[in-house]
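> Curious how this folds, go ahead:
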Amino acid sequence: MQSCLPKGTAQRAFIGPSRQRLPTVRVKAAVNVEQLKALRQELFTYINSRGCNPIIVRLGWHDSGTYDKNIADWPARGGATASIRFKPEIDHDANKGLAIALGILRPIKNKYPDVSYADLFQMASAVAVEAAGGPKIPMRYGRKDATSSEQCVPDGRLPGAAHPFADGSANPAEHLRRVFGRMGLNDKEIVVLSGGHTLGRARPERSGFGAEKTKYTDVGPGQSTASPSGSPDRPVTPKPAGQLGTSWTVNWLEFDNSYFKEVKAKRDADLLVLPTDACLFEDDGFRPFAEKYAADQEAFFADYAVAHQKLSELGVEWEEGAPVTI
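Next up, the predicted model:
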């Protein structure tokens, strides 16, 4: 029987009336909760100090977003397995630039060796949202890692942004439903997760979309190096002026409902509206949710937190004793 004692605690057993001492047995915990807690605390300052919130969110999403509900076997079904850290998956077209995110997180992973890569990527994604002013996401941990390049998923499981779509979809709404439906996500979840584009920029050398720079990326988001929302409990985020690409929102390091407001208004040529963005207000099934989130940030945050957690657990195989919360 496995010991329930904390990691590193000596277990001693005695048998018979003479209480004979047996050899000490040390049992390694499958999930190191103390390392998870310390990692989460460090990630807040680490991510914000580098202004890398958007690419860290993208890494978590692109790892979990390969899930196929029609495939039973793990890790062939994809999802949050950290297979994205291996070639050829990291070199898939949809993952261009994400090797940078792996490099950003590598020093942190070395400090917390008992935390799986899959847990690190999903924790970092959730922390990046919260540290940018978004909702706290009720995450759970204890994910198993894919262990080799042979366990990478095939290319083509992640969504595209515009026609022609690799899956043959006739329009953006059909494509989003095909891709996210394969993951087991519905219209509401498609729309609310699209709101994550309130963070970040599209880079033409990575996705093929966006300009080299705009007035918003050239001057940097916000007006200072202070926390974008002005909240005293938020970590300070630098103003990365001179950045490349086109953002969806003016303050692209602040997590709020600006994405829905800007996509609806289409007010500014220097802000990005891709076909898969515009369809959220054009499609009859998507529109009610998009309108709701444009009008009500609190509703957006509440629904986003639930959908992000679901996304972070797609395809997961849990360690013994998991999932755990911290």
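> low pLDDT regions in the stretch 201-326 of the chain?
The stretch 201-326 of the chain contains residues with pLDDT under 70 at 222-236.
> can you give me the strands in it?
201-202, 246-247 (DSSP state E, counting those that start in this stretch).
> Dump these into a markdown table; add mean neighbour count and distance to residue 319 as well.
C-betas here are computed from N, CA, C, even on glycine. Formatted as a markdown table, the strands of the stretch 201-326 of the chain follow (neighbours: other Cβ atoms under 10 Å; distance: least, Cβ to Cβ, whole Å):
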| stretch | mean neighbour count | distance to residue 319 |
| --- | --- | --- |
| strand 201-202 | 22 | 36 |
| strand 246-247 | 25 | 38 |
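> Adding distance to residue 193, write those out as CSV.
Formatted as CSV, these follow (distance: least, Cβ to Cβ, whole Å):
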stretch, distance to residue 193
strand 201-202, 17
strand 246-247, 18
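> Could you look up the SS state of the closest residue to residue 312 other than its chain neighbours?
Ranked by Cβ to Cβ, 6 or more residues apart in numbering and with sequence neighbours excluded, the top spatial neighbour of residue 312 is residue 122, at 4.2 Å. Three-state call for residue 122 (DSSP: H, G, I helix; E, B strand; the rest coil): helix.
> so how many other residues sit close to residue 122?
As a burial measure, residue 122 scores 29 neighbours (other Cβ atoms under 10 Å).
> Same check on the one 4 residues further on?
When neighbours are defined as other Cβ under 10 Å, residue 126 has 25 of them.
> just the one 4 residues further on next, same as before
Counted by other Cβ under 10 Å, the residues lying close to residue 130 total 20.
> Can you give me every residue that contacts residue 43?
When contacts are counted by Cβ atoms under 8 Å, 6 or more residues apart in numbering, residue 43 touches 108, 123, 124, 127, 128, 131.
> confidence score at the residue most central in space within the chain?
When Cα atoms, centre = their mean is applied to the chain, the residue found nearest the centroid is residue 60 (3.1 Å). Note on residue 60: pLDDT of 98.
> Please apply the same query to residue 49.
At residue 49, pLDDT is 84.
> Could I get the buried residue list for the host helix or strand of it?
Using DSSP states H and E, residue 49 sits within helix 33-50. Using 16 or more other Cβ atoms under 10 Å as the test for burial, helix 33-50 gives 33, 35, 36, 39, 40, 43, 46, 47, 48.
> ok, so of the residues you listed, who is nearest residue 215?
For these, the closest approach to residue 215 (Cβ to Cβ) belongs to residue 48, at 23.7 Å.
> and the closest one, how far is that from residue 255?
12 Å (Cβ to Cβ, to the nearest Å).
> list the residues that contact both of these two?
With Cβ under 8 Å, 6+ apart, residue 48 and residue 255 have common neighbours residue 132.
> thinking again about what came up before, among the buried residues of helix 33-50, which two are most distant?
Going by Cβ to Cβ, the pair spanning those furthest: 33 and 48, at 24.0 Å.
> residues making contact with stretch 171-183?
Outside stretch 171-183, the residues touching it (Cβ under 8 Å, 6+ apart) are 65, 67-70, 157-160, 162-163, 165, 167, 169, 186-187, 189-190, 193, 275-276, 278-279, 282-283, 285-286, 311, 314.
> average pLDDT for that stretch?
Here the average pLDDT along stretch 171-183 is 97.
> Okay, helices next: where are they in the stretch 51-200 of the chain?
53-64, 98-111, 117-131, 172-182, 187-194 (DSSP state H, counting those that start in this stretch).
> List the buried residues for stretch 174-190?
Buried, per 16+ other Cβ under 10 Å, within stretch 174-190: 175, 176, 177, 179, 180, 182, 183, 185, 187, 188, 189, 190.
> Same question for stretch 284-304.
In stretch 284-304, counting by 16+ other Cβ under 10 Å, buried: 286, 287, 289, 290, 292, 293, 294, 297, 300, 301, 303, 304.
> Can you get me the start-to-end distance on it?
Taking Cα to Cα, to the nearest Å, stretch 284-304 runs 20 Å from one end to the other.
> contacting residues for residue 260?
195, 280, 290, 293, 294, 300.
> Same question for residue 279.
Counted by Cβ under 8 Å, 6+ apart, residue 279 has contacts 171, 172, 173, 176, 286.
> Appreciated, that's everything.
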